[in-house]
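Q: structure of the sequence below:
(chains A and B)
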Amino acid sequence: MSLKPTNILLKGMEKDNSASIDNYLADDGYQALTKALKEMKPAEVIAEVAKARIRGRGGAGFEAGRKWGFLPKGLDKPVYLACNADESEPGTFKDRHIMEYVPHRLIEGCLLTCYAIGSQTGYIYVRGEFPEAQAALWRAIEEAHEKGYMGEKILGTDFCCEIHVHTGAGAYVCGEETGMLSSIEGGRGHPRLKPPFPAVEGLFRCPTIVNNVETLSNVPFVIQEGADAFLALGTEDTPGPKLFCVSGHVEKPGCYEFEAGANLKGFLEHVGGVWKGKKLKAIIPGGASAHILKPDEIDVSMDFGSMAKAGSIMGSAGIVVLDEDTCIVELLRNVLEFFAHESCGQCTPCREGTGWAKKIVTRIEAGEGTMEDIDKLWEVADNFEGMGGKTICALADAAAWPTKSYIEKFRDEFEEHVRLGRCPLKG
Amino acid sequence: MAEGNGVFPPENLKAEFDGIVARYPKKTAALIPILMRLQDEFRRITTEDMDGLATYLDTTPAHVLGVVTFYTMFSQKKRGKHHIYLCKTLSCHIRGAEELLSLFEEKLGVKAHSGEASEDGEFSIDTGECLGLCEQAPCVLVDGKAYGDITPEMVDQIIKELRG
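A: Numbering: from 1, shown residues only, chains lettered A, B, ... in the order given. Got it, this is the predicted structure:
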């Protein structure tokens, strides 16, 4: 699919003081909430969201409506919403744009979701490194209270709801949904074994729905315009609008909104191409965890299914452009430093494996590696890839994918470091 | 010495902390937001405050210490008045973060992750993993404010601005 711009998720962000409730109301803000509370039963809201097939924008792509359907029925326990705003995947900054520029869209999405799932309390877990986003959300919450969209008996109905911002304090692993729950409860950000899944037993041992910022920000449009309007956008695989973040060696880095399924090659042209007129070496399409793509692999539609078919992931849609002067070995060292630092340490394959891989690649980069080291590095990554159930969460997988794909696609560059005893790109 | 003169919560923060606790069905959930406020206010988390906080939230000092040591935004050593987070990951890395770090360290006379502040107590610096400001790479976050698209020439200007 070519590029089709949409103006749904970031609508209004170009205005002065775009984060204010007055601006949001002028763009028909809170109309969806009004409609749902006056005309729809909670089950109807769930049905509409399920029909729209909003796939999780945090990166996993799981349908929000289906997830909501996993809530146990008839339990005498409170239900919580936990919005994942721990946006920490290197190369990703889309949720920050929503929170800083149009926070009310997220707040309305949270309120609609709470209404649908029967929750009176939602927490938005915002990473500690986003103080401006936190402040924008707190202001939005205060404004929503003042206008009667939050609090007791919202819009004169029996629906009561409070949304709170919960700050993180610096830990990538808290973006893993159960790590986030541990962190909200006041613990180290340790991911938990599943099952039980959060929808059954999450926050404070109560049923909890966890959704990403962008996912929830789609809900007002789905309720206001209907699931069919949402399904008319994007692809069969991934309906709806999508935010794409682009950074690195690119002329116009930034956050862009298109229908899901935008062509990656066309997107790169749209953002001005590789900077300084240089040649493209590779693209990381979905955050640091993603498998790297070579220039002849980027004629691909950016939806979950197509990116998987292309041998990578859509992930968080954090696109990092790499020019011809980039050293892939150095890049892998940087990526593995990240994952080794962020491993929570619970599972041996991840704790030991990411550190070991980092040491090997550091050695190769310094020109002190051997040809066996290259195979060893691949094997170590293959071993800590946890899809076989070796680790609690997917952090080890996220470290294995770049490691294996960088070696597979740029093996000659690793070998040259060994042969020359130095980086071939640095003279 | 406790930062609040031995009283926990410190008098000026008590109402705020009580408000944070009220957001949750369990007191311990207030731990990280309160630690973030303490870190902001006193530039470090002291053992005395950890003990006081444990009592205040009906948990144990070991639990509080475990949390303080897990998250990178907490420090038991006193940070500078302005604590600089310099992003070192991926997009910032490929746009010159390592060079910037050396420049900041040289000009401030303080090393990242040393746990030390500059001699005048004004500055400390750590590298941060991806700060989510990649469109402005390379970038730093200081006192809650982001500085992006930093060139080596801008480092002096940023330091001057922070000195006020």
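Q: give me the number of residues near A:Lys153?
A: Other residues near A:Lys153 number 10, with proximity taken as other C-beta atoms under 10 Å in any protein chain shown. C-beta coordinates here come from the backbone N, C-alpha and C atoms, glycine included.
Q: roughly how far does the closest residue in space to it that isn't next to it in sequence sit from chain B?
A: In this structure, A:Lys153 finds its nearest non-sequential neighbour in A:Cys160, 6.3 Å apart by C-beta to C-beta, 6 or more residues apart in numbering or on different chains. For A:Cys160, the distance to chain B (C-beta to the nearest C-beta, to the nearest Å) stands at 15 Å.
Q: can I assume A:Cys160 is in contact with A:Gly118?
A: No - using C-beta atoms under 8 Å, A:Cys160 is not in contact with A:Gly118, being 11.4 Å away.
Q: domain parsing for chain B?
A: By the assignment in automatic domain parsing, chain B contains the domains B:11-70, B:82-163.
Q: how about the residue most central in space within chain A, nearest residue that isn't a chain neighbour?
A: Residue closest to the average C-alpha location in chain A (C-alpha atoms, centre = their mean): A:Gly58, at 2.8 Å. Leaving out its chain neighbours, the residue that sits closest to A:Gly58 by C-beta to C-beta, 6+ apart is A:Asn212, at 3.4 Å.
Q: residue contacts, the one you found?
A: Neighbouring residues of A:Asn212 by C-beta atoms under 8 Å, 6 or more residues apart in numbering or on different chains: A:56-59, A:83-85, A:95.
Q: re earlier: residues touching the residue nearest to the centre of chain A, list them.
A: A:84, A:175, A:211-212, A:214-215, A:316.
Q: highest neighbour count among those residues?
A: Neighbours here mean other C-beta under 10 Å. Within the contacts of A:Gly58, the largest count is held by A:Ser316, at 31 neighbours.
Q: what about that residue, which SS state?
A: At A:Ser316 the chain is in coil, as set by DSSP: H, G, I helix; E, B strand; the rest coil.
Q: and it, what's its pLDDT?
A: pLDDT for A:Ser316: 96.
Q: next: A:Ser343.
A: Reported pLDDT for A:Ser343: 97.
Q: for it, give me phi and psi.
A: phi -60, psi 130 (degrees, to the nearest 10).
Q: next: A:Ile209.
A: The phi/psi pair for A:Ile209 (degrees, to the nearest 10) is phi -100, psi 130.
Q: residues touching B:Leu101, list them.
A: Applying C-beta under 8 Å, 6+ apart to B:Leu101 gives the contacts B:86, B:88, B:112, B:125, B:127.
Q: 10 Å instead, please
A: B:84, B:86-88, B:92, B:111-112, B:125-127, B:138, B:140 (C-beta atoms under 10 Å, 6 or more residues apart in numbering or on different chains).
Q: run through the strands of chain B in chain order.
A: Per DSSP state E, chain B carries strands over the ranges B:82-87, B:123-128, B:140-142, B:145-147.
Q: isn't the residue nearest to A:Lys153 up against A:Glu152?
A: Yes - at 5.0 Å, A:Cys160 and A:Glu152 qualify as touching, with contact defined as C-beta atoms under 10 Å.
Q: where does pLDDT dip in chain B?
A: B:1-5 (pLDDT under 70).
Q: one more time with 90
A: B:1-7, B:164 (pLDDT under 90).
Q: how does chain A divide into domains?
A: According to automatic domain parsing, the domains of chain A span A:21-231, A:241-323, A:328-419.
Q: these: which one's closest to B:Met50?
A: domain A:21-231 (13.1 Å; C-beta to C-beta).
Q: only alpha carbons, please: show stretch A:310-330 as PDB.
A: Taking Å, rounded to 0.1, in the frame of the first residue of the first chain, the C-alpha atoms of stretch A:310-330 are listed here in PDB:
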ATOM      1  CA  ALA A 310       9.600  -9.800   5.400                       C
ATOM      2  CA  GLY A 311      11.500 -11.500   8.300                       C
ATOM      3  CA  SER A 312      11.200  -8.700  10.800                       C
ATOM      4  CA  ILE A 313       8.600  -7.200  13.000                       C
ATOM      5  CA  MET A 314       6.500  -4.100  13.000                       C
ATOM      6  CA  GLY A 315       7.100  -3.800  16.700                       C
ATOM      7  CA  SER A 316       6.700  -0.300  18.000                       C
ATOM      8  CA  ALA A 317       7.200   1.200  14.500                       C
ATOM      9  CA  GLY A 318      10.400   2.900  15.600                       C
ATOM     10  CA  ILE A 319      12.200   3.100  12.300                       C
ATOM     11  CA  VAL A 320      15.900   3.800  12.500                       C
ATOM     12  CA  VAL A 321      17.700   4.700   9.300                       C
ATOM     13  CA  LEU A 322      21.400   3.800   8.900                       C
ATOM     14  CA  ASP A 323      23.700   5.400   6.300                       C
ATOM     15  CA  GLU A 324      26.500   3.800   4.400                       C
ATOM     16  CA  ASP A 325      29.100   4.900   7.000                       C
ATOM     17  CA  THR A 326      27.400   3.000   9.900                       C
ATOM     18  CA  CYS A 327      29.500   0.200  11.400                       C
ATOM     19  CA  ILE A 328      27.100  -2.700  12.000                       C
ATOM     20  CA  VAL A 329      29.400  -4.300  14.600                       C
ATOM     21  CA  GLU A 330      29.600  -1.100  16.600                       C
END
